[in-house]
Structures are given as C-alpha cells and as structure tokens.
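Asker: test case, fold it:
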Amino acid sequence: MKKPPQLILAIDTSCDDTSVAITCGPYVLSNVIASQTELHRQYGGVFPTVAKQAHKENIAPTVLAALKRAGVTWEDMQAIAVTQGPGLAPALEVGIMCAKQLASEHKLPVIPINHLEGHLFSVLARPKPGGTPWQQLGSALSNVSNALGIIVSGGHTLFVQVQRIGEYTTLGQTLDDAAGECLDKIGRMLNLGYPAGPIIEQFAKLGDPKVITFPLPLTTIKTYDLSFSGLKTSARNLLEENGTTKVLQKQELYDFCASIQYSVFRHITYKLGKVLADHSFAQIWLGGGVAANATLRRMIRETIRVHATQVIDPKLRVPYSK
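Answerer: You can find the predicted model right below:
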C-alpha cells in the first residue's frame, strides 16, 4: 500500500543564514533564506554572537514565509527537522530551540539532522513539479546504495562512502583547513572582502591558472586525506615581502586567483582519482557550498570520466529570500 506523502518543516541555522524549507520526500515545496552576508561583511567573516542574534530575529518570520510560499498550514505538517551540528554552537542553538518550541506547540516530532548528512542528501532534492498538488507527490527517496559522497564546503572537505541511508564510512578528510576555508583566508590576504570564495571564482575566470604553480599536497601519503594549510602558507609567502603584502595589478590578481583556485581543486581531484582507483561506486554525490563552483564541478567530471560513474550535484536554484 502506498504511503501518504509526509510534509516536513526543515530548519537550518548552522552558520550565518536562517534557512527554512517545506519538503515532501525529495521534493522542495519552499526554501526561504534570510541571509546575513551583508551583516558579517564588516567583520570579514562570520561573527558567532552577531549570527545568533540575527537568527533570533529572523527565525519566526522565515518559518511563516516558508509555510506561506508552500501553500500549507501547520495542520499539514508531520514533523520538524533541524540541523543539530556540526556548526556554530550559538547559531545552532537558535534553530534547535525554535524546533523544540514549535514541536511542542503543534505536537509534532523533532528529527535531528547531521549537517554533513544534509549536504550529502541535498543532491537528491528537486523542485515540486508545476501544477502537482503536494498530496499527489511520492514521499520516498529512491533506493540509495554504494555512492561516493564528496563534501566540499567552508567548514568541511571529505570523501564519504554511502552504503545506504544512515550507513556511512569516511574514506578521507581534511587534516586541517577545509577547501572553502582555505580560499576564504587567501581572499582575506588579497583584501577581496566577504565572502571571498565567490569573488575568487569570478576573478579566476579572467585569469590563467598556469601562471603560478603551487605544490600539490600529500602526494606521498597513501591515504585519501587532504590538507590545505600548505597551500595557504604558499599563497601567503608569495604575497608577503618583508612583512608587507604585495599590491597586485589587476591581471596579476586574476592570475593569482585562477592559480590558487585550480590548485585547491586539483588537490581534491587528485585524491578523488586515488579513491576511484581503489573503489567502485554506482554514483558520485557532490555537496557543500563550494560545490556551486563551476570549475570544481567540471574538474570532478573530468576526473571520473574514465570510470563511467554518474555525478549528481545540487541543482543551482535561487532560493526565495525573505
């Protein structure tokens, strides 16, 4: 017997954006984000106490906006999901407390979600088919088995074998900085502003990635682990002279951004090649904020081409902003 569709209100306050979605199985009925980017720009990064206060102010109206945009009410909800970590503790606290309060008020169960598991399964999310009432949607995810999850974000970079939903094995991970964190820190060296990663991506399109050759980390290590701190140090050494930061001309800046971005992603794809040489996967899932980078997605597709493995990455949709 086919199970009736289940609506879930999902809350994420793991960092600097207050995000609320209404989902029905893999379908996203609404996805509302209250961004804090402008708020944190003056600090050059996310300031935890500022983020917490902004989440407190944004969470209630964001929940209401998500319900309204999805065209549903609390009577339609079956559960509340909330990111429990990892993330910024003060920010996470706001989402968790809100979820508990709403669950108590509306007599709904709370589903705690691991942030990294959310990154993995975001690749399976898809928009609701136009004109289809949510009551007619299927709730179940398709069968999941033997996938390689690649998470590349500001806080995490790792390879995860997905045996099935809820069963994972970490094959390799960064030993220090995450890829996105590395790019953001280098962006601060270049005074690019916050967030630096997307700015580096745009400048890299105008530069030549072969102008500067950065060392490829951990080539003599047989594990699938990664390390980005050495690339960050190499970038700093190139930029600093006698304790002061060089002022790069426009084309020099573009070439530098192209070269360092290529080197960060080359490290990931080099290790990915090692993983694929030793394991076989039905699919490759690419998740995390840095997965939005077109160059990274292209380099990963080029790396896996010889393995005839399907790559699934997040659909780049512009969410509804409050």
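Asker: need the contact list for the spatially most central residue of the chain.
Answerer: Against the mean C-alpha coordinate of the chain, by CA atoms, centre = their mean, the closest residue is Gly288 at 2.1 Å. Contact analysis of Gly288 by CB atoms under 8 Å, 6 or more residues apart in numbering lists 119, 150-153, 156-157, 180. Bear in mind the C-beta positions are built from the backbone N, C-alpha and C, glycine included.
Asker: give me phi/psi at Gly207?
Answerer: Backbone torsions of Gly207, given as degrees, to the nearest 10, read phi -110, psi 180.
Asker: same check, this time on Leu108
Answerer: Main-chain dihedrals, Leu108, degrees, to the nearest 10: phi -120, psi 150.
Asker: the closest residue to Val162 other than its chain neighbours pairs with what?
Answerer: Residue nearest to Val162 in three dimensions, not counting chain neighbours: Ala147, with 4.2 Å by CB to CB, 6 or more residues apart in numbering. On the basis of DSSP bridges, Ala147 is bridged to Val162, Gln283.
Asker: how many neighbours does Ala147 have?
Answerer: Ala147 has 23 neighbours, counted by other CB atoms under 10 Å.
Asker: ok, it - contacts?
Answerer: Per CB under 8 Å, 6+ apart, neighbours of Ala147: 161-162, 281-285.
Asker: on that earlier part again, need the contacts of Gly288 in a markdown table (columns: distance to Ile22).
Answerer: Formatted as a markdown table, those follow (distance: CB to CB, whole Å):
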| residue | distance to Ile22 |
| --- | --- |
| His119 | 20 |
| Ile150 | 28 |
| Ile151 | 24 |
| Val152 | 27 |
| Ser153 | 24 |
| His156 | 26 |
| Thr157 | 30 |
| Gly180 | 28 |
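Asker: among these, which are in strands?
Answerer: 150-152, 157 (DSSP state E).
Asker: in the contacts of Gly288, find the pair that's most separated.
Answerer: Pairwise distances across those peak at 13.1 Å for Ile150 and Gly180 (criterion: CB to CB).
Asker: neighbour-wise, which of those two wins?
Answerer: Shown here are Ile150 and Gly180; by other CB under 10 Å, Ile150 has more neighbours (29 against 24).
Asker: just give the closest residue to that one, not the sequence neighbours.
Answerer: Nearest residue to Ile150 in three dimensions, chain neighbours excluded: Leu286, at 5.0 Å (CB to CB, 6+ apart).
Asker: how about stretch 227-234: buried residues?
Answerer: 227-228, 230-232, 234 (16 or more other CB atoms under 10 Å).
Asker: ok, Leu253 - contacts?
Answerer: Here Leu253 is in contact with 190, 203, 207 (CB under 8 Å, 6+ apart).
Asker: switch the cut-off to 10 Å
Answerer: 190, 192, 200, 203, 206-207, 247 (CB atoms under 10 Å, 6 or more residues apart in numbering).
Asker: which strand or helix spans it?
Answerer: Secondary structure assigned from DSSP states H and E places Leu253 in helix 250-278.
Asker: quick one, domains of this protein?
Answerer: 7-139, 147-320 (automatic domain parsing).
Asker: now those in JSON lines, with mean pLDDT?
Answerer: Shown next, in JSON lines, are the domains of the chain (pLDDT from 0 to 100):
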{"stretch": "domain 7-139", "mean pLDDT": "90"}
{"stretch": "domain 147-320", "mean pLDDT": "90"}
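Asker: identify the contacts common to Ile150 and Gly180.
Answerer: Common contacts of Ile150 and Gly180, defined by CB under 10 Å, 6+ apart, comprise 157, 288, 291.
Asker: all helices for this structure, in order.
Answerer: Assigned by DSSP state H, the helices in the chain fall at 37-41, 48-70, 89-106, 115-121, 179-189, 196-204, 229-239, 250-278, 294-304.
Asker: for the last one, list the C-alpha coordinates in PDB.
Answerer: Provided in PDB are the C-alpha atoms of helix 294-304 (Å, rounded to 0.1, in the frame of the first residue of the first chain):
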ATOM      1  CA  ALA A 294      31.500  25.600 -11.800                       C
ATOM      2  CA  THR A 295      35.300  24.900 -12.100                       C
ATOM      3  CA  LEU A 296      35.200  22.400  -9.300                       C
ATOM      4  CA  ARG A 297      32.200  20.600 -10.900                       C
ATOM      5  CA  ARG A 298      34.000  20.500 -14.300                       C
ATOM      6  CA  MET A 299      37.200  19.200 -12.800                       C
ATOM      7  CA  ILE A 300      35.400  16.400 -10.900                       C
ATOM      8  CA  ARG A 301      33.500  15.400 -14.000                       C
ATOM      9  CA  GLU A 302      36.800  15.200 -16.000                       C
ATOM     10  CA  THR A 303      38.400  13.100 -13.200                       C
ATOM     11  CA  ILE A 304      35.600  10.500 -13.100                       C
END
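Asker: appreciated, that's everything.
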